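J.: Structure of the sequence below:
(3 chains)
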Amino acid sequence: MEDLERLCHEILRYLKGEQVDFSWCPVNLSDLSDFERDVLEHTRRIPYGHTMTYGELAAQMGRKRASRAVGSALSKNPYPIIIPCHRVVSSKGMGGFCGSKDPENLSLKRKLLELEGVKI
DNA sequence: ATATTAACAATCG
DNA sequence: CGATTGTTAATAT
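T.: Below you'll find the predicted structure:
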């Protein structure tokens, strides 16, 4: 419960454009499959302001061709922003965010990346 | 309980 | 564009 307060303040700092790191934040990934957990673990390690491709992340996990599976795993991310799934993009375009590639979600993803100073 | 299929936030040629 | 990929959830056997 102490963590929750800290988290709220960190989110505000993040929204102000400060370079915040959320890796300290405890999460519960027990509902997910092993693969999905693995994907999210790797996603957590992507540093602020950096970006990675679905394929690159797959490769980094030793599953070179599982880019698509990485996408579906990310779509189940229970902690958007805390686990920075917005830093994983498509090799061509934008990919998706928060479970879909709905334009609303994509524009939010774009805003977050822009916040972090990523060139689009 | 296992086998098959469809659906995906993708990628490559 | 089409073929193909890994994983999961739904459906069928």
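J.: now residue A:114, what's its secondary structure?
T.: With DSSP: H, G, I helix; E, B strand; the rest coil as the basis, residue A:114 sits in helix.
J.: With residue A:17 as the reference, measure out to it.
T.: 10 Å (CB to CB, to the nearest Å). Heads up, the C-betas are built off the backbone N, CA and C, glycines and all.
J.: again with residue A:34
T.: 36 Å.
J.: the more surrounded of the two?
T.: residue A:17 (11 against 7; other CB atoms under 10 Å).
J.: which residues touch the more buried one?
T.: residue A:115 (CB atoms under 8 Å, 6 or more residues apart in numbering).
J.: If we use 10 Å, what do you get?
T.: When contacts are counted by CB atoms under 10 Å, 6 or more residues apart in numbering, residue A:17 touches A:114-117.
J.: What is the neighbour count of the residue in chain A positioned nearest to DNA strand B?
T.: Minimum separation of chain A from DNA strand B (CB to the nearest atom of the strand) falls at residue A:96, amounting to 2.2 Å. A count of neighbours around residue A:96, defined by other CB under 10 Å, yields 21.
J.: Quick check on it: phi, psi?
T.: phi -140, psi -180 (degrees, to the nearest 10).
J.: And residue A:80, by the same measure?
T.: The phi and psi values for residue A:80, taken as degrees, to the nearest 10, are phi -60, psi 150.
J.: Report the beta-bridge partners for it.
T.: residue A:83 (DSSP bridges).
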